[in-house]
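# below: sequence and its predicted model.
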Amino acid sequence: MVRARAVATANGVLVKKVLTNSPAEADGIKADDIIVTIDGMAVRNVAELASYLGEHKSPDEVATVTVIRDTAKLELSLKIGKWGSPQNKLAL
């Protein structure tokens, strides 16, 4: 069964899965969230998100993301983990 959602954006990064006990889960990211901004910068796709993180953030720094969850926009503060760490994996 396909679940349809009406969202106010055509851009962003859909979070498909968040690992249990991961930093992303601890910071409030949930499966089906759509990340639309990071630190005020619009995010249109995974490549832009990864590029921003690689160029502007280091492990243990904090980023502010705006996500669309269901029909609400939420701002979350996320502690950046080490790229590639098993506990930091987020399915996008």
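Received the coordinates, thanks. Numbering: from 1, shown residues only.

# what helices or strands is whichever strand or helix holds residue 51 leaning on?
Using DSSP states H and E, residue 51 maps to helix 46-56. If you count contacts as 3 or more Cβ pairs under 8 Å, 6 or more residues apart in numbering; DSSP states H and E, helix 46-56 packs onto strand 34-38. Backbone N, C-alpha and C define where each C-beta goes, glycine included.

# show me the helices in this structure, by range?
23-26, 46-56 (DSSP state H).

# weakest of the ones you listed by average pLDDT?
Mean pLDDT is lowest for helix 23-26 out of the helices of the chain, coming in at a mean of 88.

# if we can go back for a sec, out of the helices of the chain, the one nearest residue 81 is which?
Of all the helices of the chain, helix 23-26 sits nearest to residue 81, with 4.9 Å by Cβ to Cβ.

# for that closest one, C-alpha coordinates in CSV please.
Provided in CSV are the C-alpha atoms of helix 23-26 (Å, rounded to 0.1, in the frame of the first residue of the first chain):
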residue,chain,number,x,y,z
PRO,A,23,22.2,10.4,17.3
ALA,A,24,19.6,11.3,14.6
GLU,A,25,16.9,9.6,16.6
ALA,A,26,18.1,11.2,19.9
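
# name the residues of that helix that come out as buried.
By 16 or more other Cβ atoms under 10 Å, the buried positions in helix 23-26 come out as 23, 24.

# quick check, central residue of this structure?
residue 35 (4.6 Å; Cα atoms, centre = their mean).

# contact partners for the spatially closest residue to residue 43 that is not a sequence neighbour?
Computed as Cβ to Cβ, 6 or more residues apart in numbering, the closest residue to residue 43 that is not its neighbour in sequence is residue 49, at 4.9 Å. Residues in contact with residue 49 (Cβ atoms under 8 Å, 6 or more residues apart in numbering) are 13, 35, 38, 43, 92.

# quick one on the thing from earlier: JSON lines for the helices of the chain, including distance to residue 82?
JSON lines is the format used below for the helices of the chain (distance: least, Cβ to Cβ, whole Å):
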{"stretch": "helix 23-26", "distance to residue 82": "10"}
{"stretch": "helix 46-56", "distance to residue 82": "11"}
